[in-house]
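> 3D, please:
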Amino acid sequence: MTVVKSTLPDPDRDITGEALQGTLVDLLGLSLIAKQAHWNIVGPRFRSVHLQLDEVVDTARAYADTVAERAAALGVTPDGRPETIAAAFTLPSPKDGWLRDSDVVRLMVETLEAAIGRLRARIAATDRPDPVSQDLLISLTAELEKQRWMFAAEDWPNES
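Residues are numbered from 1 along each chain as shown. The predicted model follows:
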């Protein structure tokens with residue numbers, strides 16, 4: 001059943017919908033990873049990293065909503081159900097229990113790098129089919145790169 005007719009031809013809608021759905025999964029998972037780390041971080045940099053994790057959560061949640069609404073506007077139903085996220089999510093995640101602040105910083109650098117790499121592939125994939133969605137993915141990438149930089153600066157001189 002199609003409730004919203006896409007302004008894109010079907011092949012372009014399919015490519016764009018796949019890029020947006022994958023991004024939605026990554027963003028919802030990223031917000032959960034950051035919250036899990038936020039609740040369990042310990043160490044001398046607790047406060048600064050704890051607050052920075054909330055920035056990641058806020059960014060991920062805001063962009064998840066924008067990405068899902070973009071998909072819906074194109075006639076693609078966004079799927080943010082827990083079972084969908086659990087089945088499709090593959091970004092690096094924290095272990096259970098208390099997390100040292102230095103381990104959280106490295107985890108966030110690694111997780112953000114993986115998300116950014118996937119976003120760059122989706123940017124390339126949406127170049128011709130939908131420059132509007134591509135623009136959204138570009139702005140999200142810039143925001144996640146800023147967050148990655150801030151975590152990497154916390155890990156200096158260990159950051160590679």
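> mean confidence for the helix or strand harbouring Leu30?
For Leu30, the host element (DSSP states H and E) is helix 10-40. Mean per-residue pLDDT for helix 10-40: 98.
> off-centre distance for that helix?
The chain centroid and the centroid of helix 10-40 are separated by 5 Å under CA atoms, centre = their mean, to the nearest Å.
> any chance you could map the strands in this structure?
Using DSSP state E, the strands of the chain run over 41-42, 99-100.
> partners of the first one in the sheet?
Paired with strand 41-42 in the same sheet, following DSSP bridges, are strand 99-100 (parallel).
> Gln36 against Gly97, yeah?
No: counting by CB atoms under 8 Å, Gly97 is not a contact partner of Gln36; they are 10.4 Å apart. For glycine as for every other residue, the C-beta is placed from the backbone atoms N, C-alpha and C.
> who's more crowded, those two?
Legend: neighbour count by other CB atoms under 10 Å for Gln36 and Gly97, higher for Gln36 (18 against 7).
> quick one: the spatially closest residue to the more buried one that is not a sequence neighbour and Ser31, what's the gap?
Nearest residue to Gln36 in three dimensions, chain neighbours excluded: Pro94, at 5.5 Å (CB to CB, 6 or more residues apart in numbering). Distance of Pro94 to Ser31, computed by CB to CB, to the nearest Å: 13 Å.
> sorry, back to before: tally of neighbours for the residue nearest to Gln36?
18.
> and it, what are its phi and psi?
Its backbone dihedrals place Pro94 at phi -80, psi 160, with angles given as degrees, to the nearest 10.
> give me the pLDDT value at it.
Looking at Pro94, its pLDDT stands at 95.
> please, where are all the helices along this structure?
In the chain, the segments counted as helices under DSSP state H are 10-40, 46-73, 82-88, 101-125, 131-154.
> my guess is the residue nearest to Gln36 meets Ala37, correct?
Yes: counting by CB under 8 Å, Pro94 touches Ala37, with 5.3 Å between them.
> for the nearest residue to Thr84 once chain neighbours are set aside, list the residues it contacts.
What sits nearest to Thr84 in space, not counting adjacent residues and going by CB to CB, 6+ apart, is Val25, at 7.0 Å. Residues near Val25 by CB atoms under 8 Å, 6 or more residues apart in numbering: 84-85, 88-89.
> can you flag the buried ones in those residues?
Ile85 (16 or more other CB atoms under 10 Å).
> want to throw the contacts of Val25 into JSON lines with pLDDT?
Shown next, in JSON lines, are the contacts of Val25 (pLDDT from 0 to 100):
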{"residue": "Thr84", "pLDDT": "97"}
{"residue": "Ile85", "pLDDT": "96"}
{"residue": "Ala88", "pLDDT": "96"}
{"residue": "Phe89", "pLDDT": "95"}
